[in-house]
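Below is the structure, and that's it, no one-letter string:
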């Protein structure tokens with residue numbers, strides 16, 4: 001359930017700028033933030049007292065879920081207030097495999 005919210009915010013706050021498609025649509029950003037606010041507390045609560053999402057070890061569930069957070073910073077995902085989620089994402093981002101495959105940040109599109 002996190003991917004739809006994250007995707008809206010990635011499109012509005014990152015992709016549009018990088019591709020020269022204009023500024024974020026405030027209505028869409030608000031929609032993405034509302035979706036995030038609905039689903040993030042569920043994941044944050046689930047991660048309380050856990051290191052990983054599904055088991056006591058890294059699984060495909062973690063990597064699959066983390067994929068929608070790959071651009072969390074540039075997409076301005078509203079992670080504040082979700083300590084368990086941020087801690088889990090930090091553990092994923094520390095993985096050598098994650099670091100080797102992190103998406104490159106392309107330069108912003110030229111403005112005319």
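Perfect, thanks for sending it. The shown structure was predicted, so the numbers you read here are calculated from the model rather than taken from an experiment.

Residue 47 and residue 88 touch, don't they?
Yes - Residue 47 is within contact range of residue 88, at 5.0 Å (criterion: Cβ atoms under 8 Å). In short, each C-beta sits where N, CA and C put it, glycine included.

Which positions in the host helix or strand of residue 18 come out as buried?
Taking DSSP states H and E as the criterion, residue 18 maps to helix 16-19. Of all the residues in helix 16-19, those buried under the rule 16 or more other Cβ atoms under 10 Å are residue 16.

so for it, what's the average pLDDT?
Helix 16-19 comes out with an average pLDDT of 90.

Moving C-terminal from it, which element do we reach first?
Beyond helix 16-19 on the C-terminal side, the first helix or strand identified by DSSP H and E is helix 26-47.

what helices or strands is that following helix leaning on?
Secondary-structure packing of helix 26-47 (3 or more Cβ pairs under 8 Å, 6 or more residues apart in numbering; DSSP states H and E): helix 2-10, helix 83-94.

quick one: low-confidence parts of this protein?
105-112 (pLDDT under 70).

And the most centrally placed residue in it, its phi and psi?
For the chain, residue 69 is the residue whose C-alpha lies nearest the centre (Cα atoms, centre = their mean; 2.3 Å). Main-chain torsions, residue 69, degrees, to the nearest 10: phi -100, psi 10.

ok, it touching residue 7?
No - if you go by Cβ under 8 Å, residue 69 and residue 7 don't touch, sitting 11.0 Å apart.

separation between residue 49 and residue 12?
Per Cβ to Cβ, to the nearest Å, residue 49 is found 33 Å from residue 12.

whoops, residue 97 was the one
Residue 97 is 29 Å from residue 12, by Cβ to Cβ.

quick one: the helix holding residue 18 to chain centroid distance?
Chain-centre distance of helix 16-19: 17 Å, with Cα atoms, centre = their mean, to the nearest Å.

quick one, which of residue 49 and residue 12 is more surrounded?
Higher neighbour count among residue 49 and residue 12: residue 12, with 24 against 6, using other Cβ atoms under 10 Å.

Roughly how far does the closest residue to that one other than its chain neighbours sit from residue 16?
Ranked by Cβ to Cβ, 6 or more residues apart in numbering and with sequence neighbours excluded, the top spatial neighbour of residue 12 is residue 24, at 4.0 Å. Going from residue 24 to residue 16 by Cβ to Cβ gives 6 Å.
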